[in-house]
Each structure stands twice: as C-alpha cells, then as structure tokens.
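1. model this:
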Amino acid sequence: MSARQFDLSIGTGNGYILRMQKNNASVGSDVIERIVKEYPQVNLVWLITGKGDMFIEQQSKPKVRSKQEIENYIDSKLKAQWSDEKKALLDEILLEIEKVKGQ
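-> Next up is the predicted model:
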C-alpha cells in the first residue's frame, strides 16, 4: 500500500503521513484513532511507541454453542451438583447411624 493510499484509507490529507515522517513529527490522537478504527489488527502500543509487534495476534473467536449444547451442559452441571449433595447427605446419614449404634 502506498503512503497516498494509506492517507486516503484513514481520511487524512494527501501526503500527511509522508510529511509527518519527513519532519519526524507526532501524529495527532485523532489520526491514531482513525488508524486503529480502519486497521484494528494494528497493535496500538506499537503504533504509539514503536515497541512490540506491529500486529495483534489473531485471537480465536469463541465457539458458538447451540441452545441444545448449552442446555446439555447446564443439565450435566446440575446433575453433578445434585450428586455431590446426595453424597454429602448420605455421608451425614451414615455418620448419624454410626452415632446411634455407638450409644
């Protein structure tokens, strides 16, 4: 991409980026905002400081789950919780039985 194409893509005047580069001038926050909006894959830290990677690593999108998958997941969690509660109750009952036997 040429500097002119880049200027046009972020809505700055023709030659803006080259002038900033030639004069070693700072780019305004409004221009930085335009760059990030137009090129969200650009690392903002790199853009401002020149440090780090130029591009943000592609983050994998979370898997979209169907309604049925979500319901199955909730059911399995509830069953596991109920099972744990039943086990705790059974342990409590057995402890009480042992106490009664010991008397």
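2. next, the buried residues of stretch 65-77.
-> Buried residues in stretch 65-77, counting neighbours by 16 or more other Cβ atoms under 10 Å, are absent. C-beta: built from backbone N, CA, C; applies to glycine.
3. what does it contact?
-> The contact list for stretch 65-77 (Cβ atoms under 8 Å, 6 or more residues apart in numbering) is empty.
4. for it, what is the distance to the chain centroid?
-> How far stretch 65-77 lies from its chain's middle: 22 Å, per Cα atoms, centre = their mean, to the nearest Å.
5. stretch 21-35 too?
-> Distance, centroid of stretch 21-35 to centroid of chain: 27 Å (Cα atoms, centre = their mean).
6. cool, stretch 82-96 as well?
-> 40 Å.
7. pLDDT weak spots in this protein?
-> Applying pLDDT under 70 to the chain picks out residues 58-62.
8. show me where it has its strands.
-> In the chain, no strands are defined using DSSP state E.
9. so where's the longest helix in it?
-> Identified as the longest helix of the chain according to DSSP state H is helix 67-102.
10. what's the burial count for Trp46?
-> Residues lying near Trp46 (other Cβ atoms under 10 Å) number 14.
11. let me fix that, I meant to ask about Ser9.
-> So Ser9, with other Cβ under 10 Å, has 13 neighbours.
12. now Thr49
-> Using other Cβ under 10 Å, Thr49 has 9 neighbouring residues.
13. over to Tyr16?
-> For Tyr16, the neighbour count with other Cβ under 10 Å is 19.
14. dump the residue contacts of it.
-> Neighbouring residues of Tyr16 by Cβ under 8 Å, 6+ apart: 7, 31.
15. if you set the cut-off to 6 Å instead, what comes out?
-> With contact taken as Cβ atoms under 6 Å, 6 or more residues apart in numbering, Tyr16 is in contact with Asp7.
16. swap in Ser9?
-> For Ser9, the contact set (Cβ under 6 Å, 6+ apart) comprises Glu38.
17. switch the cut-off to 8 Å
-> Per Cβ under 8 Å, 6+ apart, neighbours of Ser9: 1, 38.
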